[in-house]
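J.: Give me a model of this one.
(chains A and B)
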Amino acid sequence: GAGVSQSPRYKVAKRGQDVALRCDPISGHVSLFWYQQALGQGPEFLTYFQNEAQLDKSGLPSDRFFAERPEGSVSTLKIQRTQQEDSAVYLCASSLQHNSNQPQHFGDGTRLSIL
Amino acid sequence: EDQVTQSPEALRLQEGESSSLNCSYTVSGLRGLFWYRQDPGKGPEFLFTLYSAGEEKEKERLKATLTKKESFLHITAPKPEDSATYLCAVQAGTASKLTFGTGTRLQVTL
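T.: Residues are numbered from 1 along each chain as shown, chains lettered A, B, ... in the order given. Model (predicted):
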């Protein structure tokens, strides 16, 4: 079956612009995660959804970052008034059940470059 | 705060030269330790989950082991296609998120 799909794969924006990144999880997966990966580093947690409920947003670096999953499937990560330090790869992952230790399956990410 | 440390940062092996990658962790209430492989420009690809000390899992040339403080990923007779970054992550306490290490970049040459 299809894996986690993210779009766009690459996004270039000028400092101060707003961007929206999309994630289509694996069909039927309840849990959805967003991570940020800087060059040469491991992914860092941003936020977590169980269906449409955002249960943990402790990793969002500022109030410029906002995520939603209104129908419990597709999710969007929005970054307002982008800054150069927002440049990174944004990864989305999904897993089958809530709060389980089942593996998270990742998409190939969106590479965001802020000029 | 959960901490994961991977070593070495980079490793260069010749084809057939076996070695091990280390993942040390400090967490409160480990629920699972995960190994992922990441190729350039791709997302992490799931390899193994280990749940308790003493557990081992194998897949082709890879074998993962777990103790109370660390995990090892043993690579036996590696091939060039095993070249990638290997990431270790933990899930702990009541949190669903993964905490990752910085990874080990493995290069296998002919």
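J.: List the contacts of residue 91.
T.: Defaulting to chain A. Neighbour list for A:Leu91: A:Gln6, A:Trp34, A:Tyr35, A:Gln36, A:Gln37, A:Pro43, A:Phe106, A:Gly107, A:Gly109, B:Gly43, B:Pro44 [criterion: Cβ atoms under 8 Å, 6 or more residues apart in numbering or on different chains]. Backbone N, C-alpha and C define where each C-beta goes, glycine included.
J.: I was thinking of chain B, sorry if that wasn't clear
T.: Counted by Cβ under 8 Å, 6+ apart, B:Gln91 has contacts A:Asn101, B:Leu30, B:Arg31, B:Gly32, B:Leu33, B:Phe34, B:Lys97, B:Leu98, B:Thr99.
J.: So which of the contacts of A:Leu91 sit within helices?
T.: Of the contacts of A:Leu91, none are assigned to helices by DSSP state H.
J.: Among the residues you listed, which one has the most neighbours?
T.: Within these, B:Pro44 tops the neighbour count with 32 neighbours, counted by other Cβ atoms under 10 Å in any protein chain shown.
J.: Tell me which helix or strand the spatially closest residue to it that is not a sequence neighbour sits in.
T.: Nearest-residue entry for B:Pro44: B:Tyr36, 3.7 Å, with adjacent residues in sequence omitted and distances by Cβ to Cβ, 6 or more residues apart in numbering or on different chains. Element membership for B:Tyr36, per DSSP states H and E: strand B:30-38.
J.: Quick check: mean pLDDT of that strand?
T.: Taken as a whole, strand B:30-38 carries a mean pLDDT of 96.
J.: Against A:Tyr48, how distant is A:Ser27?
T.: Per Cβ to Cβ, to the nearest Å, A:Ser27 is found 19 Å from A:Tyr48.
J.: Could you do B:Leu87 as well?
T.: Counting by Cβ to Cβ, the gap from B:Leu87 to A:Tyr48 is 18 Å.
J.: Quick check: bridge partners of A:Phe66?
T.: When bridges are called by DSSP bridges, A:Phe66 pairs up with A:Lys78.
J.: I figured it was touching A:Lys57, is that so?
T.: No. With contact taken as Cβ atoms under 8 Å, A:Phe66 and A:Lys57 are classed as non-touching, separated by 9.0 Å.
J.: can you list the residues of chain A near chain B?
T.: Contact residues, chain A versus chain B (Cβ under 8 Å from any Cβ of the partner chain): A:4, A:31, A:33, A:35, A:40-45, A:48, A:55-56, A:59, A:91, A:93, A:98-109.
J.: The helix or strand hosting B:Phe72 near chain A anywhere?
T.: Of the helices and strands defined by DSSP H and E, B:Phe72 is found in strand B:70-75. No. Remark: strand B:70-75 sits outside contact range of chain A, by Cβ under 8 Å from any Cβ, the gap being at least 14.5 Å.
J.: Give me the distance from that strand to the chain's centre.
T.: Here the centre of mass of C-alpha atoms in strand B:70-75, compared against the chain's by Cα atoms, centre = their mean, to the nearest Å, lies 6 Å away.
J.: One more: stretch A:51-63?
T.: Using Cα atoms, centre = their mean, we find the averaged C-alpha position of stretch A:51-63 to lie 10 Å away from the chain's own average C-alpha position.
J.: Give me the below-cutoff pLDDT ranges for chain A.
T.: Counting by pLDDT under 70, the ranges of chain A that qualify are A:1, A:99.
J.: I am finished for the moment; much appreciated.
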